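# Next come a sequence and a model predicted from it.
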Amino acid sequence: MESSIQKHILFEYLAGRATPLEKQAVEEWLKQEENTEQFHRWVFEWELQQPQYVPDSEAAFAALLQRIDEQDEVVGSSVPGGLPMARRLPHLNWRIAASVTILLCLAGWLLRKPLLYKAFNTDYGQTSAFVLEDGSHVTLNANSTLWVPRFGFRGAVREVLLEGEAEFSVRHTRDHRRFVVRTPKQFQVEVLGTEFTVYARPRGTRVALTKGRIRLDYQQGTQQKQLLMKPGELATMNQQGTLSIQKTDKPELQAAWKEQRFVFNNTSIQEICALLEENFGLQVRVDDAEIANRTITGNFKAQTADDLLDVLQVVLDLKIRKEKNALFLYNSDSSYNSL
C-alpha cells in the first residue's frame, strides 16, 4: 500500500522542522493503524542518521577518527612477508563501517523512549491529574514520571511506563484491549477495567487494588511469576524482590496523597524520612536507632514538608537541627541546639 506521506516529511517532523500543514498530515497519517509498521521503519532509519545524539559520543568518535588517521598513514606501505597494506584496507574499512553501524544502532536504541513516548512529570510537592486518549484517568504523585505512547495506543495492549507513584482508573474498551503498567524493576501490572494505585520507587514496589481485577507479572530470582489480585488487597515487593500480600479495608488510602493527606499506621520515623525525600526532595536524618524505630499512627493533612515536620515535632516531641544540606531529628531533652 502506497504511503500518503513522504519519508522526508516524517524526517522533518521528527527533527522539529515540519510546517503546521506537514505536522497535521503526519499526525493524521499516524492515526491509521496500518501505517504503524512503516512509521517504525522510518523512525529507525531516521535515528541511524542522527549520530550527534549518541550519549558520550565525542570520545568514541575521536578514537574512531584516530584509528582511521593511523591507517591512512600506512596506506601503500607493506608488511614484511605479507601483502601490501593497501590490499588489506578493504577489510579495515569494513571494520570501521561496522563500528559506526554499532554506534548508530546504539543511538537509535537509546532514543526510542523519548521519540516514541511522551513524559508526564511532577516536581517535588506537586501532584497532577490527566486523562489518557483511551479515557483512562491518571493522578500522578510528587516526583514521578509516566511515559505514554506519543502517537497513541496501538495494537492489542495499552502500555505505559511508571517511575514513582500514581493512581489509575482504567477505562474498559470495546475490543477488550489490555492495559499494562510497567515499572523499572521487571514488575508490571496488567489490568482490564479497574482502579488501583502503583508505587514504584527505589525502596520497593507496592500495588493496592480498589476495584476490578489485575494481574501482577514480576521477577523472583531467575523465575518469572504471576499473581492475580482481588479488590481490597495490597501487594508489596521489597528491595530484595520478595512479594507479600495483605488485606486492607481501605485500599483507597494508598492514594490519600491526592488530597494532600498522609495516613500512617505504625509507620516508623525512618520510613517517614524516606517519604519526605521522595515527595519533597528533603533529606531528613535521625540521630539514633531509638528515634528511627519510633512509630506514628494517624491521618494528617500536610501540603508542604514543613507541615509534615511540624506534625513529627509535636506528636513525638522532637526537635530539628540543620547541618549542611540535611535536617536532623533529635529528642527535645537532648543537649543539641537547633542551628
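Looks like it arrived, so ask away.

# just the helices in the stretch 201-339 of the chain please.
Counting by DSSP state H, counting those that start in this stretch, the stretch 201-339 of the chain has helices at residues 269-280, 289-292, 305-316.

# Relative to Leu228, tell me which of those wins on proximity.
Closest to Leu228 of the helices of the stretch 201-339 of the chain is helix 269-280 (Cβ to Cβ; 28.2 Å). C-betas here are computed from N, CA, C, even on glycine.

# Dump the closest one to PDB, restricted to CA.
Taking C-alpha atoms only, helix 269-280 is exported to PDB below (Å, rounded to 0.1, in the frame of the first residue of the first chain):
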ATOM      1  CA  ILE A 269      10.200   7.700  61.600                       C
ATOM      2  CA  GLN A 270      12.800   6.100  59.300                       C
ATOM      3  CA  GLU A 271      10.100   5.400  56.700                       C
ATOM      4  CA  ILE A 272       8.700   8.900  57.100                       C
ATOM      5  CA  CYS A 273      12.100  10.400  56.400                       C
ATOM      6  CA  ALA A 274      12.300   8.400  53.200                       C
ATOM      7  CA  LEU A 275       8.800   9.600  52.300                       C
ATOM      8  CA  LEU A 276       9.900  13.200  52.800                       C
ATOM      9  CA  GLU A 277      12.800  12.700  50.400                       C
ATOM     10  CA  GLU A 278      10.700  11.000  47.800                       C
ATOM     11  CA  ASN A 279       7.900  13.500  47.800                       C
ATOM     12  CA  PHE A 280       9.600  16.800  48.700                       C
END
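
# could you say what helices and strands that helix packs with?
Packing contacts for helix 269-280, counted by 3 or more Cβ pairs under 8 Å, 6 or more residues apart in numbering; DSSP states H and E, involve strand 284-286, helix 289-292, strand 295-301, helix 305-316.

# Touching the first one from outside, list them.
The set of residues that contact strand 284-286 without belonging to it, under Cβ atoms under 8 Å, 6 or more residues apart in numbering, is 269-270, 273, 276-277, 292, 309, 326-330.

# Reformat the helices of the stretch 201-339 of the chain into JSON lines and put mean neighbour count next to each item.
Output for those, formatted as JSON lines (neighbours: other Cβ atoms under 10 Å):
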{"stretch": "helix 269-280", "mean neighbour count": "20"}
{"stretch": "helix 289-292", "mean neighbour count": "14"}
{"stretch": "helix 305-316", "mean neighbour count": "16"}
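
# Take the ones you listed and lay them out in JSON lines including distance to Ala255 and mean pLDDT.
Formatted as JSON lines, those follow (distance: least, Cβ to Cβ, whole Å; pLDDT from 0 to 100):
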{"stretch": "helix 269-280", "distance to Ala255": "13", "mean pLDDT": "93"}
{"stretch": "helix 289-292", "distance to Ala255": "27", "mean pLDDT": "88"}
{"stretch": "helix 305-316", "distance to Ala255": "17", "mean pLDDT": "89"}
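
# would you turn these into JSON lines with distance to Glu27?
Converted to JSON lines, the helices of the stretch 201-339 of the chain look like this (distance: least, Cβ to Cβ, whole Å):
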{"stretch": "helix 269-280", "distance to Glu27": "36"}
{"stretch": "helix 289-292", "distance to Glu27": "53"}
{"stretch": "helix 305-316", "distance to Glu27": "41"}
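
# how about the helices and strands packed on helix 269-280, which one is nearest Arg158?
Taking Cβ to Cβ, strand 295-301 is the member of those nearest to Arg158, at 34.1 Å.

# Go through that closest one and flag the buried ones.
The neighbour-count check on strand 295-301 (16 or more other Cβ atoms under 10 Å) flags 296, 300 as buried.

# same thing with stretch 235-250?
235, 237, 243.

# contacting residues around the last one?
Applying Cβ under 8 Å, 6+ apart, one finds that Leu243 lies in contact with 216, 218, 220, 225, 227, 235-237.

# can you check Asp288 too?
Applying Cβ under 8 Å, 6+ apart to Asp288 gives no contacts.

# how far away is it from Phe328?
11 Å (Cβ to Cβ, to the nearest Å).

# again with Met237
Met237 is 30 Å from Phe328, where distance means Cβ to Cβ.

# Over to Glu28?
Glu28 is 58 Å from Phe328, where distance means Cβ to Cβ.

# which one of the contacts of Leu243 sits closest to Pro251?
Nearest member of the contacts of Leu243 to Pro251, counting by Cβ to Cβ, is Ala235, at 10.6 Å.

# Which secondary structure element of this structure has the lowest mean pLDDT?
Taking mean pLDDT, DSSP states H and E as the measure, helix 57-73 is the helix or strand of the chain with the lowest mean score, a mean of 48.

# Break the chain down into its domains, please.
7-115, 122-253, 260-331 (automatic domain parsing).

# and the end-to-end length of the last one?
One end of domain 260-331 to the other measures 27 Å (Cα to Cα, to the nearest Å).

# In the protein, spot the strand with the most residues.
For the chain, the longest strand by residue count, based on DSSP state E, is strand 157-169.

# Show the subsequent helix or strand relative to it.
Sequence-wise, the next helix or strand downstream of strand 157-169 (DSSP states H and E) is strand 178-183.

# Which strands or helices does that following strand pack on?
Using 3+ Cβ pairs under 8 Å, 6+ apart, strand 178-183 sits against strand 157-169, strand 187-191, strand 195-201.

# do that again at 7 Å, thanks
strand 157-169, strand 187-191 (3 or more Cβ pairs under 7 Å, 6 or more residues apart in numbering; DSSP states H and E).
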